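Asker: Give me coordinates for this.
(4 chains)
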Number of protein chains: 2
Amino acid sequence: MHDSQEPRGPVETDKTVLRIIQALKDEDGATVAELADRLNMAKSTIHRHLTTLEQSMYVVKREGEYELGYKFLDFGRYVQTRSEIYDLAEPRVQELATETGEAAWCVVEQHNYAVYLCQGKTPQAVQTHARIGKWEYLHTIAAGKAILAHLPDEQIDDVIETVGLPARTPSTITDRDELEAELERIRNEGIAFNDGETVRDVRAVAVPILQNGYPVGALSVTGPKNRLIGDKYREDIPNALLGTANEIELRLTYS
Amino acid sequence: MHDSQEPRGPVETDKTVLRIIQALKDEDGATVAELADRLNMAKSTIHRHLTTLEQSMYVVKREGEYELGYKFLDFGRYVQTRSEIYDLAEPRVQELATETGEAAWCVVEQHNYAVYLCQGKTPQAVQTHARIGKWEYLHTIAAGKAILAHLPDEQIDDVIETVGLPARTPSTITDRDELEAELERIRNEGIAFNDGETVRDVRAVAVPILQNGYPVGALSVTGPKNRLIGDKYREDIPNALLGTANEIELRLTYS
DNA sequence: AAGTGCATTGCATAATATGCAATGACGGCC
DNA sequence: GGCCGTCATTGCATATTATGCAATGCACTT
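Answerer: Numbers count the residues shown, from 1 in each chain, chains lettered A, B, ... in the order given. Okay, here's the model as predicted:
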């Protein structure tokens, strides 16, 4: 079974089952009929894939609906903690959150996307769009721009070519030249700012974490626009982030 | 391709790709050759599955090795936070850890196994075998026993029949009658204890979280044997757990 | 009891996953 | 630089199986 709108993969059935897994997440659980409808496939085919996933313990059937199971929690936790900067970043983003009174994040890049790896929380922090595990366009978040600024040129080209520069808000950078100028500025100043480019009324500050000049991640602090202003936005948070990134970089160098 | 040692699933290719995913985790990344060896399959077949997974962004190729990607972090975080008791348990296990000075856990059951859902930490707590996302035999951990004690008889039978009662240590309960007696005691007292049944020299205390009499999870506190002794083990921790579980149960009832 | 809608199973065949063998790529050794 | 060995990748033929249709099972409603 090959969906003609998409390039043919080496193993088409793998793509089918991954598509079903993604649909179960997108629909937050679903019946056979709903999935068949959504994916435009026969109910019997959907049913057989689900049964295989259930027998393999990746999926549970509950009250007529199929849902992703905790096997994914095992895998999710595994990929998080095996990341080489997780152990260094996790306690430190918590400190950053405490210090700034805002949510702090460690973000990494994979497959030309930014992924939120871990979060520092504090009671005063306001919940924004960001979530552990969430994938975002690199160019639309401060941490992503901090990473982009230090990627090899060929990879920047690849990002623009394969992902593009989709707009998330009217403030998002969608022009290649404009992005290049922003990345150049970030390289010079060492700090990336985000002013409503992901979600309106949300600001962020970010710095890269570099290992041998390569951006292995980024740290950021995000918060509502009305709180990230003045010296806090332009001086205090940047300085805290730079200090922490530097500490992590030293740890990476001598380990 | 069907491995004759295992029952044939409705979609055999799904099982193949899931097996490859599991092997990537077990080997903490692997080359085509290593996976082919481990799974007793042709290199070309392994390569095609990996290429499909990579193109779908589930896997990354790094320095000749393939590794699970952060897509699993997205799924892992999703299944964790969608759990109906996660939001109630997460802040409370943190309080329990602070209160007891030991690691605290919320554990759930799925496919007849116990799964560690979330953890409360404190600087003094000692790291034991438990990990977020880890699957354990129900009968070998206190939280699992607390859940087992309240499962319907048919499901208890199913657990014993499909999973069995494997020993983790010389202290593990491996006899059905002995387990039945232990579950009866847990139902009467409302508390489950674990004394070296998972890992030697580790103790735990646990209570179930019941919704309409059904165990939707359990809370536990674990620590080294030399710290979980006397009143702390027998009275203080149990009382704290009971209080918290009761609070969660009330929240579940009126929500 | 009949009707409806969804889930599940049987069957035939179209589609494709598979392994072998060839080829490409890379690193080490002489 | 050439040769060798090992691993990764691709072409090809075919054995295997994923697929959709149709029938059947199941649960709920009237």
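Asker: Please work out how many residues are found near residue A:202.
Answerer: Other residues lying near residue A:202 total 21 when counted by other C-beta atoms under 10 Å in any protein chain shown. In this view, the C-beta of every residue, glycine as well, is placed from N, C-alpha and C.
Asker: ok, it - contacts?
Answerer: Applying C-beta atoms under 8 Å, 6 or more residues apart in numbering or on different chains to residue A:202 gives the contacts A:128-129, A:194, A:196, A:222-225.
Asker: again, but for residue A:111
Answerer: B:57, B:60, B:69.
Asker: now, which of the residues you listed sits nearest DNA strand D?
Answerer: For the contacts of residue A:111, the residue nearest DNA strand D by C-beta to the nearest atom of the strand is residue B:60; the value is 12.5 Å.
Asker: Report the beta-bridge partners for the closest one.
Answerer: residue B:67 (DSSP bridges).
Asker: Can you report how many residues lie near it?
Answerer: Neighbourhood size, residue B:60 [other C-beta under 10 Å]: 18.
Asker: Can you give me the buried ones in whichever strand or helix holds residue A:77?
Answerer: Here residue A:77, judged by DSSP states H and E, is contained in helix A:71-82. Neighbour counts over helix A:71-82 (16 or more other C-beta atoms under 10 Å in any protein chain shown) mark A:71-80 as buried.
Asker: same deal with stretch A:12-19?
Answerer: Buried residues in stretch A:12-19 (16+ other C-beta under 10 Å): A:13-19.
Asker: just stretch A:187-199 next, same as before
Answerer: A:191-199.
Asker: Looking at those, which are in helices?
Answerer: If you go by DSSP state H, the buried residues of stretch A:187-199 have nothing in helices.
Asker: Of those residues, just say which sits nearest to DNA strand C.
Answerer: The nearest member of the buried residues of stretch A:187-199 to DNA strand C, counting by C-beta to the nearest atom of the strand, is residue A:192 at 33.8 Å.
Asker: Would you confirm that the closest one contacts residue A:149?
Answerer: Yes - Residue A:192 is in contact with residue A:149 according to C-beta atoms under 8 Å; the separation is 6.9 Å.
Asker: Now do the SS call for the residue most central in space within chain A.
Answerer: Centroid-nearest residue in chain A: residue A:115, 2.0 Å away (criterion: C-alpha atoms, centre = their mean). Secondary structure assignment for residue A:115 (DSSP: H, G, I helix; E, B strand; the rest coil): strand.
Asker: Show the contacting residues for it.
Answerer: Counting by C-beta under 8 Å, 6+ apart, residue A:115 has contacts A:107-109, A:133-136, B:70, B:73-74.
Asker: who's it bridged to?
Answerer: Going by DSSP bridges, residue A:115 is paired in beta bridges with residue A:108, residue A:135.
Asker: same check, this time on residue A:204
Answerer: Residues in a beta bridge with residue A:204, per DSSP bridges, are residue A:194, residue A:222.
Asker: next one: the one 5 residues further on
Answerer: Listed beta-bridge partners, residue A:209: residue A:217 (assigned using DSSP bridges).
Asker: Now do it, the pLDDT please.
Answerer: Residue A:209 is assigned 98 on the pLDDT scale.
Asker: Residue A:8 now?
Answerer: If you check residue A:8, the pLDDT there is 83.
Asker: give me the number of residues near it?
Answerer: By the measure other C-beta under 10 Å, the count of residues near residue A:8 is 10.
Asker: tell me the secondary structure for it?
Answerer: Quick answer, by three-state DSSP: residue A:8 is coil.
Asker: from what I can see residue A:58 touches residue A:72, true?
Answerer: Yes - the criterion here is C-beta under 8 Å, and residue A:58 meets it with residue A:72 at 7.2 Å.
Asker: gap between the nearest residue to residue A:148 once chain neighbours are set aside and residue A:206?
Answerer: Nearest non-adjacent residue to residue A:148, counting by C-beta to C-beta, 6 or more residues apart in numbering or on different chains: residue A:138, 5.0 Å away. As defined by C-beta to C-beta, to the nearest Å, residue A:138 lies at a distance of 11 Å from residue A:206.
Asker: Which ChimeraX command selects the buried ones in the contacts of residue A:202?
Answerer: With 16+ other C-beta under 10 Å as the criterion, this ChimeraX line picks the buried residues out of the contacts of residue A:202:
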select /A:128,194,196,222,223,224
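Asker: Now flag whichever of the contacts of residue A:202 is closest to residue B:164.
Answerer: residue A:129 (45.8 Å; C-beta to C-beta).
Asker: just so I have it, where are all the strands in the stretch 51-200 of chain A?
Answerer: A:59-62, A:65-68, A:103-110, A:113-120, A:135-137, A:192-195 (DSSP state E, counting those that start in this stretch).
Asker: The fifth one: which residues count as buried?
Answerer: Looking back up the chat, that one is strand A:135-137. A:135-137.
Asker: list the residues that contact both of residue A:138 and residue A:206?
Answerer: Listed as contacting both residue A:138 and residue A:206 by C-beta under 8 Å, 6+ apart are residue A:145.
Asker: More neighbours: these two, which one.
Answerer: Shown here are residue A:138 and residue A:206; by other C-beta under 10 Å, residue A:206 has more neighbours (29 against 26).
Asker: Tell me which residues touch that one, please.
Answerer: Contacts of residue A:206 (C-beta under 8 Å, 6+ apart): A:107, A:141-143, A:145-146, A:191-194, A:218-221, A:241.
Asker: The residues you listed also near DNA strand C: which ones?
Answerer: On the criterion C-beta under 7 Å from any atom of the strand, none of the entries of the contacts of residue A:206 sits beside DNA strand C.
Asker: Can you name the residue of the stretch 151-255 of chain A nearest DNA strand C?
Answerer: residue A:154 (15.2 Å).
Asker: Tell me how many other residues crowd residue A:50.
Answerer: Residues lying near residue A:50 (other C-beta under 10 Å) number 24.
Asker: Pretty sure it sits against residue A:21.
Answerer: No - using C-beta under 8 Å, residue A:50 makes no contact with residue A:21, being 10.1 Å away.
Asker: And residue A:52, how far from residue A:27?
Answerer: Counting by C-beta to C-beta, the gap from residue A:52 to residue A:27 is 19 Å.
Asker: who has more neighbours, those two?
Answerer: Neighbour tally, residue A:52 and residue A:27, criterion other C-beta under 10 Å: the higher count belongs to residue A:52, 21 against 15.
Asker: Now do the contacts for that one.
Answerer: Going by C-beta under 8 Å, 6+ apart, residue A:52 touches A:17, B:9-11, B:14-15.
Asker: Let's see that with 6 Å instead.
Answerer: Residues in contact with residue A:52, defined by C-beta atoms under 6 Å, 6 or more residues apart in numbering or on different chains, are B:9-11, B:14.
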